[in-house]
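In: Sequence first, then the predicted structure, then my questions.
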Amino acid sequence: NDTALLANFLARSHAIIATESEVATMLASIEQPYHEHLSLLEKIFGGALDVEESFLLGGLSPDHLERYARFCSTCTHFVPGVMRDSGSDAWSRNSDVELRQHVNQLVLERRRDHDRVPFLMATAYWANCYFGIRQSLEVDSLCYAIRQSSSGEFSDLMQAAFLAAIEACSSGPHFAQPPTMRSEQQIRRVMKKRSESVLAEFKNRMAVMPLRPVRKKHQLTVTQLPWTEALDKFAIETVAVSRGVYVDPPYSRLQYSRFYHVFDSLLRYDYPETIGAGRVSELSKRIPSRFDSRLSTASSEIDAVVQA
């Protein structure tokens, strides 16, 4: 049991066995919808893609690195309510205003209809933040293609490979706040990460799925419930067998969801409002817990677990 959506998908994927031929079929099923969707996004973000490509392929001189950092700080966060005061020598104000107005309208439409095509949440929210622009288009296109896939029971497996791929390709080191781009070393590191392909990483992750040791000796039931309800459900369903409970509550008052909000938002794909420099989902999307509250409250919650 885990109240985080991310943990539920990953847990369910561990019980899925897929052969090499089944993986090949899964990858074939997403190929056409992925590329068709990618072409739609390229028409919207083509100008920004061209500028990004000129930076990622254009060398590593100090001036080039500084201009890329300015490009990232201005050509980003295309959601309603966010406006940039000015452009930069790397991204003009006219280009920004035109793209920003267009994408803002698309985001508003998709907040009313989450399934509207093309998918563009990752690009509108986190391009030049946690991912490069091309990477963000890949993320959105993979989200769309996986949902369109006819893989059925293998959907959770594909989602797990997708989540692993975006973590591997993200600009890092986590999703609580964007990577720092002050020094030349930091900028070079981000540029290197943003030169990686999310699609290629996804295919690599899928290719190793048949090699995983999968344990299906025991039944796996995954829940996303408050711990009291999950414990009651576990007690009822395991009354005739030996059983044990492993508890891993939060160990600080830090809101953990800040570190994986990108994963949960992509799994929900609901175009949330965002707050703060980390562009995390609004507070209503966060999962409250008495474990990460005041010391006295957390202590009493631990006592309740032990006594349960």
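Out: All right, it came through fine. Numbering: from 1, shown residues only.
In: And the strands in this protein?
Out: 274-275, 280-281 (DSSP state E).
In: Show me what the last one is packed against.
Out: With contacts defined as 3 or more C-beta pairs under 8 Å, 6 or more residues apart in numbering; DSSP states H and E, strand 280-281 has these neighbours: helix 257-268, strand 274-275. Just so you know, the C-beta spots here come from the backbone N, C-alpha and C atoms, and that holds for glycine as well.
In: which stretches of the stretch 201-308 of the chain have low pLDDT?
Out: Counting by pLDDT under 70, the stretch 201-308 of the chain has low-confidence residues at 214-218, 249-257, 282-296, 298.
In: hmm, back to that, want to throw the helices and strands packed on strand 280-281 into CSV with mean neighbour count and distance to Val241?
Out: Shown next, in CSV, are the helices and strands packed on strand 280-281 (neighbours: other C-beta atoms under 10 Å; distance: least, C-beta to C-beta, whole Å):
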stretch, mean neighbour count, distance to Val241
helix 257-268, 20, 32
strand 274-275, 15, 45
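In: With distance to Thr223 as extra columns, can I get those in JSON lines?
Out: Putting the helices and strands packed on strand 280-281 into JSON lines (distance: least, C-beta to C-beta, whole Å) gives the following:
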{"stretch": "helix 257-268", "distance to Thr223": "16"}
{"stretch": "strand 274-275", "distance to Thr223": "28"}
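In: and of these, who's closest to Ala18?
Out: Comparing those against Ala18 with C-beta to C-beta, the closest turns out to be helix 257-268 (19.9 Å).
In: Do you know the pLDDT at the nearest residue to Ala160 once chain neighbours are set aside?
Out: Nearest residue to Ala160, sequence neighbours excluded (C-beta to C-beta, 6 or more residues apart in numbering): Ser13, at 3.6 Å. Listed pLDDT for Ser13 reads 86.
In: Look at the residue lying closest to Arg194 once chain neighbours are set aside and say how many residues are nearby.
Out: Residue nearest to Arg194 in three dimensions, not counting chain neighbours: Gly132, with 3.1 Å by C-beta to C-beta, 6+ apart. If you count neighbours by other C-beta atoms under 10 Å, Gly132 ends up with 28.
In: in terms of contact, does Gly132 touch Leu56 like I think?
Out: Yes - Gly132 sits in contact with Leu56 when judged by C-beta atoms under 8 Å, with a separation of 7.3 Å.
In: Now for those two: what residues contact both?
Out: Residues touching both Gly132 and Leu56 by C-beta atoms under 8 Å, 6 or more residues apart in numbering: 194-195.
In: Of the strands of the chain, which is nearest Ile44?
Out: Once those are compared by C-beta to C-beta, strand 274-275 is nearest, at 19.9 Å.
In: starting at the chain centroid, how far to that closest one?
Out: Centroid separation for strand 274-275 versus its chain: 15 Å, with C-alpha atoms, centre = their mean, to the nearest Å.
In: Each with direction, which strands does it pair with?
Out: strand 280-281 (antiparallel) (DSSP bridges).
In: Mind naming the longest helix for the chain?
Out: What stands out as the longest helix in the chain, according to DSSP state H, is helix 20-56.
In: So which elements touch that one?
Out: Checking 3+ C-beta pairs under 8 Å, 6+ apart, helix 20-56 ends up next to helix 62-74, helix 93-112, helix 133-148, helix 155-169, helix 184-194, helix 198-207.
In: Check the average confidence over the first one, would you?
Out: This means helix 62-74. Mean predicted confidence for helix 62-74 is 95.
In: Let me see the contact set for Thr180.
Out: Thr180 makes contact with Gln186, according to C-beta under 8 Å, 6+ apart.
In: Try it again at 10 Å.
Out: Contacts for Thr180 (C-beta atoms under 10 Å, 6 or more residues apart in numbering) come out as 173, 186-187, 189-190.
In: Output these as a markdown table; include the columns neighbour count, distance to Glu138 and pLDDT.
Out: Formatted as a markdown table, the contacts of Thr180 follow (neighbours: other C-beta atoms under 10 Å; distance: C-beta to C-beta, whole Å; pLDDT from 0 to 100):
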| residue | neighbour count | distance to Glu138 | pLDDT |
| --- | --- | --- | --- |
| Pro173 | 10 | 21 | 88 |
| Gln186 | 15 | 23 | 97 |
| Ile187 | 23 | 22 | 97 |
| Arg189 | 17 | 20 | 97 |
| Val190 | 22 | 17 | 97 |
